[in-house]
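Undergrad: Quick check, what structure comes out for this input:
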Amino acid sequence: MENDLGNYRKSYEKGELLLNEVPENPMELFQKWFFEVDKFFVEDETNAMTISTIGLDGYPKNRVVLLKKYTYEGFIFYTNYSSEKGKAIEENPNVCLSFFWHKAERQIIIKGKAEKIAENLSDGYFESRPRGSQLGALASDQSEVIEDRDFLEQQLSKLEDEFGGKEIPRPKNWGGYIVKPVEIEFWQGRPNRLHDRIRYQLQLDYNWLIHRLSP
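TA: So this is what the prediction gives:
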């Protein structure tokens, strides 16, 4: 099988990113870009991000998760701690996050360390989820091999009966991670493939070193 994609072309012309205009803290620029994309470019899920981990088999693996909160400290998402990604993070907390907002011709790449958030914060978010999502977290042993779809449906049906009219507890193996960044790169598409790239690197004094990179 062969499919030559060499003739796929696009000119990036929707913005610019200049070194003398960026803030000292990358989280401020992240917030600005996020709001702009959410308001003016209307991505399906602006908070969809790719997380890359190094698996127990030594291979990197990417998957898309949803960003649920960000602060000056970092980026928070939720998952099953016993999943493949959870086991990978337990073994090696160095991860990479990335956002690609194609309508805005923007990309952000974040290197950082992932750590579990406090249990009460995970409890609070779990309580805010729709009831079906709560039951889904209980029904699924994420990343484990199952026989078929019916198995999942049966698990869900049992849980619906078990917790009918009752509060659903957060599974102890489900909760949040915060990724605390050590490097953030902002990429703005530009014509002729001369894209703008601005990289922030966290220093020992917790200030950020800022460089412009060649595309």
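Undergrad: Who does the most centrally placed residue in the chain form a beta bridge with?
TA: For the chain, the residue nearest the mean C-alpha position is M49 (3.6 Å; CA atoms, centre = their mean). Beta-bridge partners recorded for M49 (DSSP bridges): V65.
Undergrad: roughly how far apart are it and L66?
TA: 7 Å (CB to CB, to the nearest Å). Backbone N, C-alpha and C define where each C-beta goes, glycine included.
Undergrad: now L209, nearest residue through space, not along the chain?
TA: In this structure, L209 finds its nearest non-sequential neighbour in Q201, 4.6 Å apart by CB to CB, 6 or more residues apart in numbering.
Undergrad: Mind listing the shared neighbours of M49 and L66?
TA: F77 (CB atoms under 8 Å, 6 or more residues apart in numbering).
Undergrad: can you tell me the average pLDDT over the helix or strand E185 falls within?
TA: For E185, the enclosing helix or strand under DSSP states H and E is strand 174-188. Taken as a whole, strand 174-188 has an average pLDDT of 98.
Undergrad: Give me the distance from it to the chain's centre.
TA: Relative to its chain's centre, strand 174-188 lies at 7 Å (CA atoms, centre = their mean, to the nearest Å).
Undergrad: show me where pLDDT drops low in this protein?
TA: Applying pLDDT under 70 to the chain picks out no residues at all.
Undergrad: Quick one: the strands in it, in order.
TA: Ranges of strands within the chain are 48-54, 60-66, 69-70, 75-80, 94-101, 106-116, 174-188, 196-202, 208-213, based on DSSP state E.
Undergrad: what's the closest of the ones you listed to S140?
TA: strand 75-80 (7.3 Å; CB to CB).
Undergrad: what angle separates that closest one from strand 94-101?
TA: On the basis of axes from the mean of the first three to the mean of the last three CA atoms, to 10 degrees, strand 75-80 is oriented at 110 degrees to strand 94-101.
Undergrad: I'd like to know how far the residue lying closest to D196 once chain neighbours are set aside sits from P215.
TA: Counting by CB to CB, 6+ apart, D196 lies nearest to L17, which is 3.8 Å off, once chain neighbours are set aside. Counting by CB to CB, the separation of L17 from P215 is 11 Å.
Undergrad: what do you get for P130?
TA: P130 is 42 Å from P215, by CB to CB.
Undergrad: And the two? Which one has more around it.
TA: Between P130 and P215, counting by other CB atoms under 10 Å, P215 is the more crowded of the two (13 against 8).
Undergrad: For the residue nearest to the more buried one when sequence neighbours are not counted, grab the count of nearby residues.
TA: Leaving aside its chain neighbours, P215 sits nearest to H195 (4.1 Å; criterion: CB to CB, 6+ apart). As a burial measure, H195 scores 18 neighbours (other CB under 10 Å).
Undergrad: List the residues that contact H195.
TA: Y12, W187, Q188, G189, P215.
Undergrad: Only the buried members of these: can you turn that into a PyMOL selection?
TA: Per 16 or more other CB atoms under 10 Å, the buried members of these correspond to this PyMOL selection:
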select buried, resi 12+187+188+189
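Undergrad: you'd agree the residue nearest to L209 is up against W208?
TA: Yes. Counting by CB atoms under 8 Å, W208 is a contact partner of Q201 at 6.7 Å.
Undergrad: Of the two, which one has the most company?
TA: Taking other CB under 10 Å, Q201 and W208 do not tie; W208 has more neighbours (19 against 16).
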